Each structure stands twice: as structure tokens, then as C-alpha cells.
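Student: Quick one: sequence plus predicted model below, questions after.
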Amino acid sequence: MFNSTPPIQFADAVVQLHGPNADAHEAEKQYECSFCGNRFKNKNEAERHQNSVHVRRHSWSCLALSGYDKAFHESTERPGEADTCGYCGDEFPRSGHGHVTGALSGGNAPRHATDQDWDKRIKHLQDVHKFRECNSSKRFFRADHFRQHLKYSHAGTSGKWTNMLENTCMLEEGTAPR
């Protein structure tokens, strides 16, 4: 059966939105982008829009991970003895013995990662985090979008270890507005 509802009802709804209620609607979005005129409900949303769409001071990309070693940083729990995976926070011990004593390792000589240690780390990065399997030329202009990429493309989990990886993957962008 043919629907006999006149299409004018949709038009009436649109007119009503831009008609008498236009001032109330505009008041809801009182912050305006100085580049494109888009309007936002709060100042934070407007600033985030400007910084991620128009200004783009930073971007994040897996391309910045030039080697496997860039995905790890020294463990905060066991400094001088282990390294932490920046994707998931797993600890990887260093089995090589150092030659110099250091205050960070409680007076013991700091250890170094051996070739066998690196074989385990590389296998972990490839098997668990699909290292270098994503489109490494892709750039993210918001840190939260990069974190989503880490979670869904690389089985990353959030934690203090993620900050180190984000810092490693952060690139400086030009300052010319878009």
C-alpha cells in the first residue's frame, strides 16, 4: 500500500528547527571555530576541533617506530633489570650481566638485553602486536584516535607504559593552519 503521508511534514520540521527556535539552538553551541565557523557546545570541543583539523601541531604514527627497540622502555618497576613493552606493559628481563655498578639497580651492575632476549621481544611484537603490519604511513591528529589504533590494530592496553609509546610515535607538524 502506498504511504499517503505528505512529504511536507519533514520540511515543516526543518523549518521549525531554523525558525522560531534558531536562537535557542545557536545558544546551545556558543563556541565557534575561528577557521571554519563550525559551532560547538563547549570550549574544549571547539579547541580540540581547531587543533586536530586546522592547526595540527602534532600527529602520531607507527612509522616513528623505526626499530623494535623503540617499542620498549626501561621498566619503572625493575630499572636496570628489565624493559617494558609499550603496547601492553609486559616486562621483559635483561639476562646479560653488566660491568659497572649503578645506583638505579640497587648497587648491582645494570643488566643488558642479550640477542636471545631480543628474539623473545621481537617474537612478542610480531605475534601479539602485529608490529609493522598496519599502514605505517597513516597519521592520527588526535592522541585518543592513536590510542584506539593501538587497541584495535595492535592489541594494546592502556596504562602508564602507553605514554612512553605515544611520546615515541609523536611527530611535530607544520604550524600553517589548514
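Tutor: It's in. Numbers count the residues shown, from 1 in each chain.
Student: And the contacts of the helix ranked longest in the chain?
Tutor: Longest helix in the chain, counting residues (DSSP state H): helix 115-129. For helix 115-129, contacts defined as Cβ atoms under 8 Å, 6 or more residues apart in numbering pick out 68, 71-72, 83, 85, 87-88, 90, 92-96, 113, 131-132, 154-156. C-betas here are computed from N, CA, C, even on glycine.
Student: Same check on stretch 135-144?
Tutor: The contact list for stretch 135-144 (Cβ under 8 Å, 6+ apart) reads 48, 52-53, 56, 58-63, 65, 146, 149, 166, 171, 173.
Student: Which residue in those has the weakest pLDDT?
Tutor: Lowest pLDDT of the contacts of stretch 135-144: residue 56, 60.
Student: How is this protein divided into domains?
Tutor: Here the domain parsing of the chain from automatic domain parsing is 8-55, 60-172.
Student: weakest of these in terms of mean pLDDT?
Tutor: Taking the mean pLDDT of the domains of the chain, domain 8-55 comes last: a mean of 63.
Student: center of this protein, which residue is that?
Tutor: Against the mean C-alpha coordinate of the chain, by Cα atoms, centre = their mean, the closest residue is residue 146 at 2.6 Å.
Student: Now do the phi/psi pair for it.
Tutor: With angles defined as degrees, to the nearest 10, residue 146 sits at phi -70, psi -40.
Student: give the contact list for it.
Tutor: 60, 140, 166, 169.
Student: mind listing the helices for this protein?
Tutor: 8-18, 22-28, 43-49, 115-129, 143-154, 160-169.
Student: shouldn't residue 111 be in contact with residue 92?
Tutor: No: using Cβ atoms under 8 Å, residue 111 is not in contact with residue 92; the gap is 11.2 Å.
Student: Need the residues touching each of these two.
Tutor: By Cβ under 8 Å, 6+ apart, residue 111 and residue 92 have no common neighbours.
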